[in-house]
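A.B. asks: Pasting the sequence and the predicted model now:
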Amino acid sequence: MNARLCLIGPLVILFLAGTFSGGAEFQEEDYVLLPPRSILGEGIYNNALQLIIDGDLAGEGDPWNSDRCVYWEDEEAYFIVDLGAESLVVDLLLQVDDNDIYTVDHSLDGVNFSPFHVFYVGYGESGVGIDTMSTNPGSPHYASLPEKDPVRARFLRLSATSGDGKYALAEFHAFGYPEAEAESSEFDRLEPENIQGFGEFSQTADLLVDGFTPAEGSSWEGDDVIAWSDPEVYFIVDLGGRRNVTALEFQVNGRNGYRIDYSLDDLTYISMVTWTGTGGDIESGMETVSTDPSNPEYVADLDFFPVDARYIKIYAVEGPGPFAVSEIQIFGR
């Protein structure tokens, strides 16, 4: 199943705050609900991932496989919530199926995770179906968990570790203290040092990074579009050095499939985004798509976790052709 990501607006909720076992004392006015930037799902599951982070609580005792839940039977499935920036995470609230064990792990890079909290069978109150559980002693849904220190994290991974094989997540909230905002935006445009094209194609490769994107639905034969028929053609953008890439915007002939890979050494490339020709908003011609949730051309199925890269490679992978690309813009730090 393709991963889907979503963005919700910032919400602020004040809870009790005090001195934690780690020895740090926190100010109540700084303690907030940490709004997630996105969520990624791996494995086989049912319903839209947005349900987990949309801020809308399900009813206590709702069925595990209701339309309000993301539910699954795949033992390997898991979900990663991206908070958008490093934060001090203090408390969690989950709505899960009551008769399973659920774990939450934390990470700064989205790759290396460490244990944070475990929600055991019977910690909630409903006794059946969806149950709300919180680690905050001031919450009416407080589950008597062993006290744990706050952790610094950007990514939180949710999974079921045991139970009856029928698992569900209806809602997830993380609370704590966000870090001060960075001086530069996560979506600053990165200026390429150069671009090279390989194979036979129309126009010049420089058109891909000239900053101009033709109108939606434009012809693939336009003067501002690079077109080709040989599936071996590809283009490599050199950012001039190691950059943290957080988002992409590109325009392609929408009836075909394209892939974008990244590399640090121009030798080993790793897949970052695959466009299959679905999820856009036009029926024919050049299609603009973005992985930035604030962009009106955002396509949720294309989103990815930030990566460190110097080289970005774009090429066609499927479709009847002709293949065409007019622009690729790369964002990050």
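C.D. replies: Here it is on my side, so go on. Residues are numbered from 1 along each chain as shown.

A.B. asks: ok, Glu221 touching Gln203?
C.D. replies: No - in this structure, Glu221 is not within contact of Gln203 by Cβ atoms under 8 Å, at 10.5 Å. (C-beta placed from N, C-alpha, C; glycine too.)

A.B. asks: Settle it for me: which of the two has more neighbours?
C.D. replies: Gln203 (17 against 11; other Cβ atoms under 10 Å).

A.B. asks: what's the average pLDDT for the host helix or strand of Ala170?
C.D. replies: Per DSSP states H and E, Ala170 falls inside strand 167-178. The average pLDDT for strand 167-178 rounds to 92.

A.B. asks: Renumber starting at 7 from here on
C.D. replies: Taking 7 as the first residue, the last one we looked at is strand 173-184.

A.B. asks: Residues contacting the helix or strand following that strand, please?
C.D. replies: Using DSSP H and E, the next helix or strand after strand 173-184 towards the C-terminus is strand 194-195. By Cβ atoms under 8 Å, 6 or more residues apart in numbering, the surrounding residues in contact with strand 194-195 are Gln335, Ile336, Phe337, Gly338, Arg339.

A.B. asks: Domain parsing of this structure, as residue ranges.
C.D. replies: Following automatic domain parsing, one finds the domains of the chain at 34-184, 194-338.

A.B. asks: Least confident of those domains, on average?
C.D. replies: domain 34-184 (a mean of 87).

A.B. asks: ranges for the strands of the stretch 107-256 of the chain?
C.D. replies: Assigned by DSSP state E, counting those that start in this stretch, the strands in the stretch 107-256 of the chain fall at 107-113, 120-125, 136-140, 157-168, 173-184, 194-195, 200-204, 232-234, 240-259.

A.B. asks: Please convert those strands to TSV, extending it with distance to Thr294 and mean neighbour count.
C.D. replies: Formatted as TSV, those follow (distance: least, Cβ to Cβ, whole Å; neighbours: other Cβ atoms under 10 Å):
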stretch	distance to Thr294	mean neighbour count
strand 107-113	32	20
strand 120-125	39	17
strand 136-140	39	24
strand 157-168	29	20
strand 173-184	32	23
strand 194-195	15	13
strand 200-204	19	15
strand 232-234	15	21
strand 240-259	4	20
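
A.B. asks: Tell me which of those lies nearest to Ile58.
C.D. replies: Among these, strand 173-184 comes nearest to Ile58, with 5.2 Å by Cβ to Cβ.
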